[in-house]
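**Q** Sharing a model prediction with you, sequence too.
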Amino acid sequence: MRARAVAAYAGWPAASLRKVKYERERDRARFLAGKLVQPLAALGQVDVLIPVPLHAERQEWRGFNQSDVMARCLGALTATGVELAIRRVKITESQTHLNREQRIANLDGAIAIAPGWHADPARHYVLLDDVYTTGTTIGACAEQLSQAGATKISALTFAFDLQPKDLEAYRRLVSVALP
């Protein structure tokens, strides 16, 4: 699975995403979607965008799903279809303060294929979410798509939030790659 992101989860990208999610600034999600055009193109020919779902109760509280808003705006900008292929079937704790193992347990049984949706193995599906932290949510969604018959799955997020151990590995990688 290939993955792309626009920015690290710090500074204005983090502040923007927090405003979208917790201050309900839906217009800001549309702006962020515009920043996803180039990273989406880097994934090659994309047939369908699939937003990572929120549970219905959380979406009702928030008023919208930020990933869905970004996917629909990005889809309009790039003439790419959007399908609500997956859903959250179990209410989960916010993953913001959970480590990888806790996130895996938290998502156990929480993601499922939407009733009536069927994958086309010839299509390239791109999961779209706001932040990539440990890959747990994207991984759970990709697993469901794969079990439904999708064979080409990528991920696109606005930001990535490297955990301390991952950040150190990234720094080592960059220092080796630099001349």
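**A** Sure, I can see it. Residues are numbered from 1 along each chain as shown.

**Q** Sketch out the low-pLDDT regions of the protein for me.
**A** For the chain, the stretches with pLDDT under 70 are 93-97, 100, 104, 106, 163-179.

**Q** most centrally placed residue in this protein?
**A** With distances taken as CA atoms, centre = their mean, residue 129 lies nearest the centre of the chain, 1.9 Å away.

**Q** List the contacts of that residue.
**A** Counting by CB atoms under 8 Å, 6 or more residues apart in numbering, residue 129 touches 51, 52, 67, 137, 138, 155, 156, 157. For the C-beta atoms, the positions are set from N, CA and C on the backbone; glycine is no exception.

**Q** Columns secondary structure and neighbour count on top of those, output as a markdown table?
**A** Putting the contacts of residue 129 into a markdown table (DSSP: H, G, I helix; E, B strand; the rest coil; neighbours: other CB atoms under 10 Å) gives the following:
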| residue | secondary structure | neighbour count |
| --- | --- | --- |
| 51 | strand | 26 |
| 52 | coil | 22 |
| 67 | helix | 25 |
| 137 | helix | 26 |
| 138 | helix | 22 |
| 155 | strand | 24 |
| 156 | strand | 26 |
| 157 | strand | 28 |
